[in-house]
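[1] Sequence below, structure please.
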Amino acid sequence: MIESLTAAVTSAPADLTLRLHLASLLVEAGRGPEAIEHVATALAAEPTSVEARELMARAMGTSPAPAPPSAPTPAAEPSEPSSGFDWHAAESDLGERVGPMFVDGTTEDPGPAPYDVEQVGVRLADVGGLTEVKKRLEASFLAPLRNPELRALYGKSLRGGLLLYGPPGCGKTFLAKAVAGELGASFLHVSLADVLDMYIGQSERNVKELFEVARSSAPCVLFLDELDAIGGKRSLNRSSGARTTVNQLLTELDGVGSDNEGVFVLAATNHPWDVDPALRRPGRLDRTLLVLPPDRDAREAVLRTHLRGRPVERIDTRRLAKATDGFSGADLAHLCESASENALMDSVGSGQVRMIGMTDFDAALAELRPSIGPWMETARNVALYANASGEYDDLATWLRKRR
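    Residues are numbered from 1 along each chain as shown. Sure thing, here's the model as predicted:
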C-alpha cells in the first residue's frame with residue numbers, strides 16, 4: 001500500500017490529501033523520517049492544516065502544537081516537555097506566511113515596463129499658424145493613413161516615419177501630439193532619459209521595451225524627441241554603448257522580429273545633420289518636414305492664444321506680431337510671461353490691481369531677443385556647404401528669403 005501511494009504521490013504531487021494519507025501509513029509503519037518530508041510539504045502549502053500538524057507531531061514523537069488563533073482547539077492536558085522542534089514558535093518568529101517552495105510556471109508574464117502612454121486631445125486646428133507645414137503633413141503622412149482604399153489602389157506603403165526638424169521652440173512636439181489627435185492614436189513621448197542607461201546593454205533593452213509598449217498600445221504615435229541625442233552619428237561616437245543603441249533603434253524601426261503595424265514613428269530634432277544617416281534611409285525616417293518659426297499671421301494667433309484668460313486691455317496683437325519677426329513660439333510665450341510679470345510687479349508696488357497693457361509689452365520687447373540666432377548661423381553653414389545631396393534645399397530657400 002505504501003509503495004502504491006508513493007507512486008501516486010509522485011504522479012500527483014499537489015494532492016495534499018493523498019500525501020497526508022501516505023504520511024499516516026508511514027508513521028504507523030515506524031518510518032517517521034520519511035513521513036516528516038511529506039508532512040512538511042503539506043504544511044508549506046497549508047500551514048493551518050490541523051491534520052498535518054498532528055501527523056508532524058506523531059512523526060516526531062511529540063504532541064501537536066496548538067492551532068492558530070483563527071481555529072482554536074480545546075486546551076490539552078499538560079504534558080512532559082519534549083525535545084522536538086517547536087513549529088508554532090518557528091511560525092511566530094517567521095511572521096508572514098512564506099510562499100510555496102516551487103511554482104508550476106503558469107504565472108502570466110508581467111510584460112514590458114510601463115511608460116507614459118497618453119491620450120491627447122489636440123488637433124492640427126489647435127496649432128497656431130504653420131499653414132504650409134500642415135499641408136505638407138496632411139499630404140505626406142495623414143492622407144495615406146486616412147484613406148486605406150486609395151492607399152491600396154496606388155500601392156502606397158505605410159513603412160517609414162516622419163522627421164520634423166527646425167529651430168528650437170517652434171512647436172515640433174506640439175505638432176506630433178496633434179498628429180496623434182488627428183489619427184485618434186495614443187501618444188508615447190520618448191526622450192534621452194527614457195533610453196540612456198549607465199549599465200552595458202540596458203539602453204538597448206530600453207529601446208526594445210519602448211517599441212513593445214508602442215506595439216501593445218497600437219494605434220500609437222511613437223515620438224522620438226531630440227533624435228540627434230538618441231540616434232547621433234555612429235562615426236562620431238567613441239562609446240560602443242551609443243553605437244549599439246543606434247543599432248537597436250535601427251532594428252526596431254525595421255520591425256525585425258516584430259510587426260510595427262499601427263505604430264506611427266515621428267521624430268524631432270534641431271540638428272538633422274547630426275543624425276545617423278542610416279536612420280534616414282527608406283523605410284525608416286525617410287520623410288522630412290521643416291518646421292519654421294511662425295510667420296506674421298501665425299505669431300498673432302500664438303499671441304492671442306497665450307493672452308487668453310489674462311487680464312489684458314487694448315493689446316494690438318498685429319503690431320506685436322510685426323515687431324516680433326524671427327521670434328519662435330517659445331519666444332512669444334516668454335514675451336507674454338514677461339509682460340504679465342511687469343503688470344504684476346507694478347500692481348504689487350502700487351497696491352492697485354491693473355490690466356496688462358501695451359506699455360508692458362513694449363518694456364518686455366526692449367529686453368528680449370529671438371533665441372534662434374545661434375541655430376540660424378549653424379543652419380546657414382549647413383545649407384551653403386553641406387547640402388550636396390539637396391536634402392536641405394527647403395532650408396536653403398527659406399534662408400535666402402530672410403536675407
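
[2] the helices in the stretch 251-400 of the chain, which residues?
    Assigned by DSSP state H, counting those that start in this stretch, the stretch 251-400 of the chain shows helices spanning 296-307, 317-323, 329-350, 358-365, 373-385, 393-401.

[3] got the contact list for the third one?
    Applying C-beta atoms under 8 Å, 6 or more residues apart in numbering, the external contacts of helix 329-350 come out as 128, 168-171, 293-294, 299, 302-303, 306-307, 310-311, 320, 324, 327, 353-357, 360-361, 363-365, 367-368, 370-372. C-betas here are computed from N, CA, C, even on glycine.

[4] any low-confidence regions in the stretch 201-350 of the chain?
    256-258 (pLDDT under 70).

[5] Now the residue nearest to the spatial centre of the chain. Nearest residue, chain neighbours left out?
    Geometric centre of the chain, nearest residue: Y115, 2.8 Å, by C-alpha atoms, centre = their mean. Closest residue to Y115 apart from its sequence neighbours, by C-beta to C-beta, 6 or more residues apart in numbering: V213 at 5.0 Å.

[6] Quick check, that neighbour in contact with S186.
    No - using C-beta atoms under 8 Å, V213 is not in contact with S186; the gap is 9.8 Å.

[7] Return the distance of stretch 390-403 from the chain's centre.
    36 Å (C-alpha atoms, centre = their mean, to the nearest Å).

[8] From L145, how far off is P219?
    9 Å (C-beta to C-beta, to the nearest Å).

[9] What of L164?
    L164 is 16 Å from L145, by C-beta to C-beta.

[10] same deal with E34?
    69 Å.

[11] G329: neighbour count?
    By the criterion of other C-beta atoms under 10 Å, G329 has 25 neighbours.

[12] For the residue nearest to Y115, give me phi and psi.
    phi -60, psi -40 (degrees, to the nearest 10).

[13] same thing with the one 4 residues further on?
    Taking degrees, to the nearest 10, you get phi -100, psi 10 for the backbone angles of S217.

[14] so what's it up against?
    S217 neighbours (C-beta under 8 Å, 6+ apart): 117, 186, 188.

[15] switch to 6 Å and redo it
    Going by C-beta atoms under 6 Å, 6 or more residues apart in numbering, S217 touches 117, 186.

[16] same deal with the one 10 residues further on?
    Going by C-beta under 6 Å, 6+ apart, L227 touches 267, 269, 275.

[17] Quick check on it: phi, psi?
    The phi/psi pair for L227 (degrees, to the nearest 10) is phi -60, psi -30.

[18] What separation do you get for it and V127?
    21 Å.

[19] same check, this time on M1
    Counting by C-beta to C-beta - M1 and V127 are separated by 82 Å.

[20] out of those two, which sits in the more crowded spot?
    V127 (23 against 9).

[21] Phi, psi for the more buried one please.
    phi -90, psi 120.

[22] Give the full set of residues in contact with it.
    Contacts of V127 (C-beta under 6 Å, 6+ apart): A178.

[23] make it 8 Å
    134, 171, 174-175, 178.

[24] Most widely separated two among these?
    Using C-beta to C-beta, the contacts of V127 reach their maximum pairwise distance at K134 and F174, which is 12.0 Å.

[25] quick one on the thing from earlier: if you look at the contacts of L227, which of them are in strands?
    Secondary structure from DSSP state E places 267, 269 of the contacts of L227 in strands.

[26] okay if I get the contacts of L227 as TSV plus neighbour count and distance to T378?
    Below are the contacts of L227 laid out as TSV (neighbours: other C-beta atoms under 10 Å; distance: C-beta to C-beta, whole Å):
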residue	neighbour count	distance to T378
A267	29	19
T269	25	13
V275	22	14
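
[27] now, among the contacts of L227, which is nearest to D286?
    For the contacts of L227, the nearest to D286 is A267 (11.3 Å; C-beta to C-beta).

[28] residues touching the closest one, list them.
    If you count contacts by C-beta under 8 Å, 6+ apart, then A267 has 161-164, 223-225, 227, 279, 285 around it.

[29] Go again with 7 Å.
    By C-beta atoms under 7 Å, 6 or more residues apart in numbering, the contact set of A267 is 161, 163-164, 224, 227, 285.

[30] quick one: L335 and A343, what's the gap?
    13 Å.

[31] V117 contacts L188, correct?
    Yes - if you go by C-beta atoms under 7 Å, V117 and L188 touch, sitting 5.1 Å apart.

[32] So for these two, which sits in the more crowded spot?
    Between V117 and L188, counting by other C-beta under 10 Å, L188 is the more crowded of the two (22 against 15).

[33] Which elements pack onto the strand or helix carrying that one?
    In this structure, L188 sits in strand 186-190 according to DSSP states H and E. Contacts defined by 3 or more C-beta pairs under 7 Å, 6 or more residues apart in numbering; DSSP states H and E place strand 186-190 against strand 117-119, helix 172-183, helix 202-216, strand 220-224.

[34] Could you pull up the mean pLDDT of that strand?
    Average pLDDT, strand 186-190: 90.

[35] Could you list the paired strands of that strand along with their orientation?
    strand 117-119 (antiparallel), strand 220-224 (parallel) (DSSP bridges).

[36] so which of those strands is the most packed in?
    Ranked by mean neighbour count under mean count of other C-beta atoms under 10 Å, the strands paired with strand 186-190 are led by strand 220-224, which reaches a mean of 26.

[37] what's the spacing between the nearest residue to F85 once chain neighbours are set aside and P33?
    Among residues not flanking F85 along the chain, M60 sits closest, at 6.7 Å (C-beta to C-beta, 6+ apart). M60 sits 10 Å away from P33, going by C-beta to C-beta.
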